[in-house]
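In: This is a predicted model, with the sequence first.
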Amino acid sequence: MAAAGIQDLLQPVELTSSLRPKLSEGEVEFCFGNHVRVYYRDSLQHENGSCYLTGYRIIWLSNKRNRNTKTPISMFALPLSKVKSCSCKAGMLISSPKLVVHLTSGSNNYIKLSFRDGNRNKFHDNMNMALRGRAWLAKKSGPEKKDFSTTGAGIRGLMEREKKKKTSAQRDVDEAFQDLNALMAKAGEMVSLAKRCADGMAAREETKKGDKDRFMVMLADMGIPSPVTRESAGTKYHEQLAMQLADFMQGRLGSLGGMITLPDAYCLFNRARGTEMVSPDDILNACMLFESLELPIVFRKFPSNVLVIQAKDHSDRKMAERITGYIGKKGSVSGIELSQAFGLSLVLTKQHLLQAEKLLYICRDQSTDGLRFYRNLFINSSN
């Protein structure tokens, strides 16, 4: 099969803000390999890339980046529905071990993945598991549509359907946990089931308490259906963890004032990962890679030694102006009052007040009534 024929089987890849592949609903990442070459049959086509294996696809991203956009210069996805089988090919002298991926079209069509980081066998085992599980078929078929019947109407009908759902869910859990291979084969179904449970609990909690704290709402969020692990990412564990943490936090920082303390981020991230918890050291090491990986969030240490994660577009000056505007309406404010008004933790509120004071927007007054902050009229007297 010519290279052009193989290219017809490949699909484009959508990326997250941290340049990881964006997974579709129910798609689970099995393993990751770095420094992977791609051959169309025996012809080298792509040098030095990162390769992801999910329950639906093989995804390859070049490690070379476009100078302006910072995106990979080339990337593609091969649906597992186009894969017939895979086999191992041993390395010879200076050549690396390879994984031969046999395609469904034609009798002798294949691509080869050359692994220089020693992950060939792990990819082979996980790909065979994914091919047996055939998770992409469940994605295509979707939920079964049934014709309406009056026998299933009313309260009794609702109770019967709820009972059937619980029975089916319990059966899936029992089958999945019989052994590890079955669990991985049903990974997508387990993720969907967990998400439905989380959504149901969140809806019930919102009904009980409409004005729920935003941080507690986030704690109920099953935000990471396919967490990065040491086993899946190998030597690139901290880099992949940093990228996934950036994706996870970016969409949440807006409702948290653009900043969150590292302990709070640790709680949110581990809650969303479920049983695949990470250590504080791993989180810290991942955060320290934000700058070198050019991720859309920033790791910051205040002079008071408070560690935070903040959005890249967060501005101390804008926050100081917001605080000054609020004080202008109230006359003065304490840390607790501002914390309640802005919906921020007291630790973060204190840092924002100190930064605003450092920028000369506000000044303090310590009295028997406690510490209060006022607009700095010496600098802003015209306003």
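Out: Arrived safely, thanks for sending.

In: in what helix or strand does Ser85 lie?
Out: strand 83-89 (DSSP states H and E).

In: Could I get the average pLDDT for that strand?
Out: Averaged over strand 83-89, pLDDT sits at 92.

In: Helices of the stretch 251-383 of the chain, start to end?
Out: 262-273, 280-287, 316-330, 335-342, 346-358 (DSSP state H, counting those that start in this stretch).

In: The fourth one to helix 346-358, inter-axis angle?
Out: Angular relation of helix 335-342 and helix 346-358 on a 0 to 180 degree scale: 100 degrees, by axes from the mean of the first three to the mean of the last three CA atoms, to 10 degrees.

In: Who are the packing partners of helix 335-342?
Out: helix 316-330, helix 346-358 (3 or more CB pairs under 8 Å, 6 or more residues apart in numbering; DSSP states H and E). Using the backbone N, CA and C atoms, a C-beta is placed for each residue, glycine as well.

In: before we move on, the earlier item: could you check the strand holding Ser85 and say which residues are buried?
Out: Val83, Cys86 (16 or more other CB atoms under 10 Å).

In: do stretch 39-58 as well
Out: 39-40, 45-46, 49-58.

In: on that earlier part again, could you dump the helices of the stretch 251-383 of the chain into a markdown table with mean neighbour count, distance to Met249 and mean pLDDT added?
Out: A markdown table is the format used below for those (neighbours: other CB atoms under 10 Å; distance: least, CB to CB, whole Å; pLDDT from 0 to 100):
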| stretch | mean neighbour count | distance to Met249 | mean pLDDT |
| --- | --- | --- | --- |
| helix 262-273 | 19 | 6 | 90 |
| helix 280-287 | 17 | 10 | 94 |
| helix 316-330 | 15 | 18 | 92 |
| helix 335-342 | 16 | 19 | 90 |
| helix 346-358 | 19 | 14 | 92 |
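
In: can you tell which of those helices is closest to Pro296?
Out: With CB to CB, the closest approach to Pro296 among the helices of the stretch 251-383 of the chain belongs to helix 280-287: 13.5 Å.

In: helices and strands around that closest one, which ones?
Out: Here helix 280-287 touches helix 237-253, helix 262-273, strand 307-311, going by 3+ CB pairs under 8 Å, 6+ apart.

In: okay if I get those as TSV plus distance to Thr167?
Out: TSV is the format used below for those (distance: least, CB to CB, whole Å):
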stretch	distance to Thr167
helix 237-253	33
helix 262-273	28
strand 307-311	43
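
In: Beta-bridge partners for Val38, please?
Out: His46, Leu113 (DSSP bridges).

In: picking up where we left off before, mind putting the buried residues of stretch 39-58 into a markdown table with secondary structure?
Out: Formatted as a markdown table, the buried residues of stretch 39-58 follow (DSSP: H, G, I helix; E, B strand; the rest coil):
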| residue | secondary structure |
| --- | --- |
| Tyr39 | strand |
| Tyr40 | strand |
| Gln45 | strand |
| His46 | strand |
| Gly49 | strand |
| Ser50 | strand |
| Cys51 | strand |
| Tyr52 | strand |
| Leu53 | strand |
| Thr54 | strand |
| Gly55 | coil |
| Tyr56 | coil |
| Arg57 | strand |
| Ile58 | strand |
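
In: Alright, I will stop here.
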